[in-house]
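J.: Any chance you could fold what I've pasted below:
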Amino acid sequence: MKILLYNPDNGVTRNFMPHLWMFLLQALTPPGHEVVLVDGNAQSMDEAGIAQFVRDNNIELVGIGAMTRMIAKAYRMADAVRATGVPVVMGGPHVTEMAGEALGRDGGPRHADAVALGEADATWPRIVADAARGELKDVYAPVDAFGQESKPSLKEYPVIPWQSIDLKQFNLVPKAVKATLQKIGEGWGTFRLIPVESGRGCPYGCEFCTVTGFFGDTIRFRTNESVVNELLLLKARARSEKGQMAVFFIDDNFAINIKRTKSLLRDIIAAGAQVHWVAQISANLLRDEELVDLIAASGGKWIFIGMESIDPANLKDVNKGFNKPGEYGAVLERLAQRNVYAITSFIFGMDNDTTGVAERTLEQVRTWPPGLPIFGLLTPLPATPLYKRLEKAGRLTRPKHWQEFIPFAMAHTPLKMSIEEAHAEVNQGWAQAYSPEALAHAVEALNDQPLGYRVNIFLARLCFRGIYFPMMGKMAWLKVIAQNRRTIFKLVREGFKAGAWRGAPARIPAGAVPQAEAVGAIAQAAGGDGRTIAFPAD
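T.: Residues are numbered from 1 along each chain as shown. As a prediction, this is how the structure comes out:
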C-alpha cells in the first residue's frame, strides 16, 4: 500500500521547519508499505493539487495532521482527497479534542474516514493494517487492556533513517545560490532545520496551552544514547552533502528536568555530537549557571522563551506564575554572555492588559541583550482551560475561530481594552521591534563581538520580520533591503576589514557562529498553539 502523510500550511503564514510527526510515523509504518511525505509549508499545494498528486502517485491512504490554526486547510485538503475515493485518517491535538467535528458528528460535514486520538505511536501500525484490509474503524485511541489511556514510553524510540530520507523539499537555501554556497567554507549548498524530540509532556498546565492536555503532566524521556546517535546521524548527512544541519529540540520544555538535561548535554559534548540547536526552555530554569554553560558548549544558539507578559498579574491569571518578569533581564544577559540569544514570546490581550501594553513591553525589551521578540494574541484553543473559562463567561466572539483562520485576530473580548485596541497593540509591537532603527540597534549592541554575531542577529531579525510582514516576492524583499540599506552597507564594509570575522573574544568562550546560522531561528513563529502536535509529535 502506498501512503501519503501530509501536513498543511494555513494558507497565510509559513513554517520553515518540517514536522516530526511525518518522519516518526514513516519510521513506525510496518514493512511492505511505501510512505511519501509532503509538507505544505515547503511544497505548496491546493485542493486540486493534492487530488491530482493522489491520483498520479496511486496513493491508497492519506494521513493528515494539523495544528488548530491549520485545521480549516486540513479539512479542505481531506475533502479533496476523499472525493477521489482514497480514505483519510486525521490526528493531532485538535482532532483529539474535536473528533466529532472531523467525523461529521457535530452536524457539519465529515472530513475524515478515521481519527487517531492522542499520541499515535502505538495505533498507527493498526491503522495501516486495517486500511490495507479495507476495514478502517472510525476512532483509534491509545488504550491499554483495561481501556485506560496509555502513553507510549520513549525508551525504545524508533530510529528515523535521516541518512536516506528525501529532504529536498526542506532545504532553506535558494536554488539560485546553491552551487555558489556549496563552495564556501564547509559548504552551504543545503541548510535544514530538523525537528528532534528528547522528551514529551509538561507539568505546568498553562491555561492557554494544549500540551499538558494532550501529552499529560508526566514527563517521558528518550535515552541519552538515542538522542546522541540521532544527532551524529544528522551531522554525518550534512557532511556528506557538503551542507549544514541545525536541530530544533521540540520538547515543550527542554530543561524541565535540569539534572537529566545536563546529563544529555554532557553526553552530546563527549560524543562530539554538537550541532547548532534551538530549544524551548522556560525562564525560571535558566537561572542555573551550569545549565547555561552546557547549553553553549553543546551547540545551543537560540532559546525560545515563552515570557508571555511583563505583568505578574497576567502570568498568575494564566497559571504561569513561575515566570518572574523581574528576572527576565538577568536570564537573557546570562545567555548572551555565552553568545546564546533568545526568541522571546509575548501575548497581548490578557485580562490585565490595557492600551499601551506594547510600548511598556518594548521599553523592557530595549534594555535587554538583542534577541528576537515575537508578539501574538491570547487565543482560546479548544478544550483548554482558557477556552472553557471564556465560554462559561460568555466572552467568546468567534467560538469556532479555527474554521476561518485569521492571523493575529482575537476570538474573545479582552477585559480592559477592545478587540481593535488589542490588534493595534500587536501591530505596534511588530512594527517597532522590526523597524530599520530597531534592527540597527540590535546590530550595534553587538559591536564588541566578531562580525559574524552581528550578521547573525541582523539576518535573524530580517527573517523573523516575515512572520507578521510576509516577504513572499522579490519586490517585498527589495523594499525591506532598501529600508535597511545603511545597516547592510555598514556590515558589508566591516566584512572587508582585516580580522573583522574574528574580532573580540566571546564574552565567555563559546563556539563561533557561522554567518548564515540565523536562518535556523526562522522555524518558530508565534502561533498561540503552545506546541500543538499532529499525530505523535510536531
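
J.: Mind jotting down where the strands sit in this structure?
T.: 2-7, 34-39, 61-65, 88-91, 114-116, 139-140, 191-196, 199-200, 220-221, 244-249, 276-280, 300-308, 341-348, 372-377 (DSSP state E).

J.: any chance of these in TSV, with mean neighbour count and distance to residue 153 too?
T.: C-beta coordinates here come from the backbone N, C-alpha and C atoms, glycine included. Below are the strands of the chain laid out as TSV (neighbours: other Cβ atoms under 10 Å; distance: least, Cβ to Cβ, whole Å):
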stretch	mean neighbour count	distance to residue 153
strand 2-7	23	23
strand 34-39	18	24
strand 61-65	29	21
strand 88-91	29	20
strand 114-116	25	18
strand 139-140	16	19
strand 191-196	23	18
strand 199-200	24	10
strand 220-221	19	6
strand 244-249	24	19
strand 276-280	22	22
strand 300-308	24	26
strand 341-348	24	30
strand 372-377	24	34
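
J.: what ranges of the stretch 151-300 of the chain fall below the confidence cut-off?
T.: For the stretch 151-300 of the chain, the stretches with pLDDT under 70 are 174-187.

J.: Can you identify each of the helices in it by residue range?
T.: Ranges of helices within the stretch 151-300 of the chain are 175-181, 211-215, 224-240, 258-270, 289-297, based on DSSP state H, counting those that start in this stretch.

J.: Now for the closest residue in space to residue 18 that isn't next to it in sequence, how many residues are close by?
T.: Using Cβ to Cβ, 6 or more residues apart in numbering and skipping the chain neighbours, the partner closest in space to residue 18 is residue 170 (4.9 Å). When neighbours are defined as other Cβ atoms under 10 Å, residue 170 has 20 of them.

J.: swap in residue 321?
T.: Look at residue 321: counted by other Cβ under 10 Å, it has 14 neighbours.

J.: ok so, going back, of the helices of the stretch 151-300 of the chain, flag the one that's most buried.
T.: Greatest average neighbour count among the helices of the stretch 151-300 of the chain goes to helix 211-215 (a mean of 22), per mean count of other Cβ atoms under 10 Å.

J.: Which neighbouring elements make contact with that helix?
T.: Packing contacts for helix 211-215, counted by 3 or more Cβ pairs under 8 Å, 6 or more residues apart in numbering; DSSP states H and E, involve helix 93-97.

J.: Read off the pLDDT value for residue 17.
T.: Listed pLDDT for residue 17 reads 77.

J.: Make 802 the first number, not 1, from now on.
T.: All right, first residue 802 from here; so that's residue 818.

J.: Look at it and say how many residues are nearby.
T.: By the criterion of other Cβ under 10 Å, residue 818 has 25 neighbours.

J.: And it, how far from residue 973?
T.: 9 Å (Cβ to Cβ, to the nearest Å).

J.: do residue 1275 as well
T.: 17 Å.

J.: For those two, indicate the residue with more neighbours.
T.: Between residue 1275 and residue 973, counted using other Cβ under 10 Å, the more crowded position is residue 973 (20 against 8).

J.: hang on, that one packs against residue 994?
T.: Yes. Here residue 973 reaches residue 994: they are 7.0 Å apart, a contact under Cβ atoms under 8 Å.

J.: Of all the helices of the stretch 952-1101 of the chain, which one comes closest to residue 867?
T.: Residue 867 sits nearest to helix 1012-1016 of all the helices of the stretch 952-1101 of the chain, at 13.6 Å, using Cβ to Cβ.

J.: CA-only coordinates of the closest one, as PDB, when you get a sec.
T.: The C-alpha trace of helix 1012-1016 is given here as PDB (Å, rounded to 0.1, in the frame of the first residue of the first chain):
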ATOM      1  CA  VAL A1012       0.300  20.500  25.600                       C
ATOM      2  CA  THR A1013      -0.500  19.200  29.100                       C
ATOM      3  CA  GLY A1014      -3.900  18.000  28.000                       C
ATOM      4  CA  PHE A1015      -2.500  16.100  25.000                       C
ATOM      5  CA  PHE A1016       0.800  14.700  26.400                       C
END
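
J.: what does that helix contact?
T.: 894, 897-898, 919-920, 952, 1001-1007, 1053, 1184-1185, 1331-1334 (Cβ atoms under 8 Å, 6 or more residues apart in numbering).

J.: would you list every one of the helices in the stretch 1102-1251 of the chain?
T.: Going by DSSP H, counting those that start in this stretch, the stretch 1102-1251 of the chain shows helices at 1113-1118, 1129-1137, 1158-1166, 1186-1193, 1220-1234, 1237-1245.

J.: In this structure the residue nearest to residue 819 contacts residue 843, no?
T.: Yes. If you go by Cβ under 8 Å, residue 971 and residue 843 touch, sitting 5.4 Å apart.

J.: who touches both of those two?
T.: In contact with both residue 971 and residue 843: residue 819, using Cβ under 8 Å, 6+ apart.

J.: Report the residue spans of this structure with pLDDT below the cut-off.
T.: Ranges of the chain meeting pLDDT under 70: 812-817, 975-988, 1272-1273, 1300-1339.

J.: make it 80
T.: 811-818, 945-948, 973-991, 1013, 1017-1018, 1271-1274, 1298-1339 (pLDDT under 80).
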